[in-house]
Each structure stands twice: as C-alpha cells, then as structure tokens.
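Novice: Below are the sequence and a predicted model for it; my questions follow.
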Amino acid sequence: AIAKQARGGPVDAGPLGLDGDEQGDPRVHGGPDKAVHCYAWAQYAPWRQELAGNAAAQALLEQPGAFGENFSLDDLQESQVCIADQWQIGSARFEVSQGRQPCWKLNDRFGVQDMARRVQDTLRSGWYCRVLESGSLQAGDAIELVDRPHPEWPLSLLMEMLYRRRLDRGLLARARALPLVPSWQRLIERRLEEGRVEDWTSRLDGPSP
C-alpha cells in the first residue's frame, strides 16, 4: 500500500479515501481522519541531496509517491498549510486533519535504517486530510483554499511541538484548544499531566526481531 502509482483521469474521493487505494495495516493507517496523505513535492530535492549515495532511494525519489502519499503537491509544504484548512479540489472538499507521524515502513521502503526518524527530525513528514464532501479529482487540478480557521497554527508549528519543543507547556496548552484528532488530544493531555514524552521506539524502529 505504501508503493503508490500514478493514476490517470478522474479519481473518486470518499470518506475513506481515494477509489482503489488501500492500506497495509488499517489498525494504524487509513480511516476517515487519514483518508488522504499529502506530501510536498518541494521536499524531494533535499531528500535527493541527503540520500545522494543511496541508489535505491534515488530511484524512488525520481517520481511522486516515494513517501506513500496520495497527493504530491506543488507550491505547498508544512509551513504553508494550517490545521483544519479546507480545500476544494475538483468536485471534492478536503480538510487538513493532522500531520503524519512517520513509521518504520519508511525504513524498509527506502532501505535506510533510520529513514522514519530522519523524516520526523526534519519535520518534512507530510500530512493527512479527511474528505468532507465526496467528489472526483485528477492530477493537475488546482487546490482552492476555501477556509482557514486557524492561521496561527501551520503544521510546521504542530510538528515542532511534537518533536522539538516536546514539553513546552505553553505551546501544548494552546494546542489543546485546537480541533485535533483524538489520538493527538490524548498525547497532549498526557504530556501536560505527566511531564514526559511518549516512547517512539516501536513506531520508528519497527517490531523487535
């Protein structure tokens, strides 16, 4: 499922994502809040530089879809997208629901042992959208921003809160008021209550041998 391929012509989008898409592990991937995964095409250039000696990774990075994204987007990246932004693409409407928390499957995909951790540390993680109104769209369609209720909360700030300013109580308290997905709300509450950061080992490194 992480090995996406380009689609030609119109594609239907519904509450669980794009027609014909699938997820390898639906316990942690997919669902209404992760219906569509987006990644910034502009982020491919720095990855090509950082993985210059890895032929397999370079081959993946020659075309969109290397990170398992459904939408490879021009002229948008994490600093230019805010939580709960609403987009019109074709006849479908989307809402930015959360940033991506990268997992160990990226390590396997790229043949780089710490790829998931690199994606997390650089904050070049991509993000997810839910589908508010079903419709169809196709490659090359324009993205129209139709609502931005939280302009002070770009995804880059949320990801910085998660992975760099991890116990910044002021930032966490502000984020708690956002319309975040339940798992992120619980994460924030635990950090505020317990004053510690959750263990990322299994998500980033994968199951033990």
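Specialist: The structure has been received and is ready for your questions.
Novice: Flag the shaky bits of the protein, pLDDT-wise.
Specialist: For the chain, the stretches with pLDDT under 70 are 24-28, 208-209.
Novice: Find the centremost residue of it, please.
Specialist: The centre of the chain sits closest to residue 127, judged by CA atoms, centre = their mean, with a distance of 2.3 Å.
Novice: Contacts for the longest helix belonging to the chain next, please.
Specialist: Secondary structure assigned by DSSP state H gives helix 182-194 as the longest helix of the chain. Residues outside helix 182-194 that contact it (CB atoms under 8 Å, 6 or more residues apart in numbering): 98, 162, 166-167, 169, 172-173, 175-176, 180, 196-198. C-beta here means a position set from N, CA and C on the backbone, and glycine is covered the same way.
Novice: Cross those against helices and list the overlap.
Specialist: Taking DSSP H, the ones among the contacts of helix 182-194 that sit in helices are 162, 169, 172, 173, 175, 176.
Novice: which ones are touching the last one?
Specialist: For residue 176, the contact set (CB under 8 Å, 6+ apart) comprises 185, 188, 189, 192.
Novice: about what we covered before: looks like the residue nearest to the centre of the chain contacts residue 95 (just checking).
Specialist: No - with contacts counted by CB atoms under 8 Å, residue 127 stays clear of residue 95, the gap being 11.0 Å.
Novice: Could you report the neighbour count for the nearest residue in space to the residue nearest to the centre of the chain that is not next to it in sequence?
Specialist: Among residues not flanking residue 127 along the chain, residue 99 sits closest, at 4.9 Å (CB to CB, 6 or more residues apart in numbering). Counted with other CB atoms under 10 Å, the neighbours of residue 99 add up to 22.
Novice: picking up where we left off before, what's the farthest-apart pair in the contacts of residue 176?
Specialist: Farthest pair in those (CB to CB) is 185 and 192. Separation: 10.8 Å.
Novice: returning to what we had before: relative to residue 21, how far out is the residue nearest to the centre of the chain?
Specialist: As for residue 127, its distance to residue 21 is 16 Å (criterion: CB to CB, to the nearest Å).
Novice: if we can go back for a sec, just the buried ones among the ones in helices among the contacts of helix 182-194, please.
Specialist: 162, 172, 175 (16 or more other CB atoms under 10 Å).
Novice: ok, now which ones touch the second one?
Specialist: The neighbourhood of residue 172, defined by CB under 8 Å, 6+ apart, consists of 161, 188, 191, 192.
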